[in-house]
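# Build me a structure from this.
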Amino acid sequence: MSDRLDEVLKHRYVYLPRGETKDTLRPGKLLGLAVARARRMPLTVLAPQKNSATFHSELAKLEIVTERSGRVSDGGVVLAWCPRYKTMEKAQHLEKSVVVLVEWIPGEFDGWAKLNQAYNVVTGEIMDAALSPASVEALDRLVFEGYKGWTDSISARMVTGYLTDLADAGAYDRDIVLAYARQTKHEGAIERLQKLIDAFEASTMSPSGATSREFRTSRRW
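From the prediction side, this is the model:
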């Protein structure tokens, strides 16, 4: 992967998906260090818990921000080390930082990578959700309805309507919807959104159990 460092340095978002046959954790750790060194920028490790980073000697002496402590300063390099969705809430405010995300569960942050047009170190491709302006508008409105955390019946009806719009346009993707909402919402609200999505998907099932639309749901979040 070191041969791709020059290409990696062209991108603000870098995604290292978890390998199922090859180790991607050690290369990911070294990649984060290499990016910070090449850019001459401070490196912050963002991890679920401190010991998940301090377990690795290369990361132990760096600044470590966890779900429960610390804040990531904007403007440096962030190594999102085997994060959970909750962990990435600490990166929502970043506007200038370079983010290198090293995944733990295979495919878990595929939606995040697509929305951020991240460079995939394994495949060498720039990922893209390929959202149309109409899809972006529907997603923006859906997220706006969550200003109270999608807790009332009105927001539930509105969310169903926006999901229907996406499905009718052939643009519904559960992973992308949730990743889009996770850009600004906390996991407590996301859990409620998931229930609305579950209900929407259940309502589109025929009695025989076959879906009436082709939904791209490669991973259930």
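# The residue most central in space within the chain and Leu178: what is the separation?
Centroid check for the chain by C-alpha atoms, centre = their mean gives Trp112 as the closest residue, at 2.8 Å. Applying C-beta to C-beta, to the nearest Å, the value for Trp112 to Leu178 is 10 Å. Just so you know, the C-beta spots here come from the backbone N, C-alpha and C atoms, and that holds for glycine as well.
# Between those two, which contacts overlap?
Shared contacts of Trp112 and Leu178, defined by C-beta atoms under 8 Å, 6 or more residues apart in numbering, are absent.
# ok so, going back, so the residue nearest to the centre of the chain is in which element?
Secondary structure from DSSP states H and E places Trp112 in helix 110-115.
# Export only the CA atoms of that helix, formatted as CSV.
Output of helix 110-115 as CSV, limited to C-alpha atoms (Å, rounded to 0.1, in the frame of the first residue of the first chain):
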residue,chain,number,x,y,z
ASP,A,110,-18.8,2.0,2.9
GLY,A,111,-21.6,4.5,3.0
TRP,A,112,-19.4,7.1,4.7
ALA,A,113,-16.7,6.6,2.1
LYS,A,114,-19.1,7.0,-0.8
LEU,A,115,-20.6,10.2,0.6
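# packing partners for it?
For helix 110-115, the packing partners by 3 or more C-beta pairs under 8 Å, 6 or more residues apart in numbering; DSSP states H and E come out as strand 13-16, helix 174-181.
# quick check: mean pLDDT across the first one?
When you say that, I think you mean strand 13-16. Per-residue pLDDT over strand 13-16 has a mean of 98.
# Which other helices and strands does it contact?
Using 3+ C-beta pairs under 8 Å, 6+ apart, strand 13-16 sits against helix 25-39, strand 98-102, helix 110-115, strand 119-120.
# Could I have the CA atoms of the longest one written out in CSV?
I take that to be helix 25-39. Extracted in CSV, the C-alpha atoms of helix 25-39 (Å, rounded to 0.1, in the frame of the first residue of the first chain):
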residue,chain,number,x,y,z
LEU,A,25,-5.0,-3.0,10.3
ARG,A,26,-1.2,-2.8,10.4
PRO,A,27,-1.0,-1.2,6.9
GLY,A,28,-3.7,1.2,8.0
LYS,A,29,-1.8,2.2,11.1
LEU,A,30,1.4,2.8,9.1
LEU,A,31,-0.6,4.7,6.5
GLY,A,32,-2.0,7.2,9.0
LEU,A,33,1.5,7.8,10.4
ALA,A,34,2.9,8.2,6.8
VAL,A,35,0.2,10.7,5.8
ALA,A,36,0.8,12.9,8.8
ARG,A,37,4.5,12.8,8.3
ALA,A,38,4.3,13.6,4.6
ARG,A,39,1.8,16.5,5.2
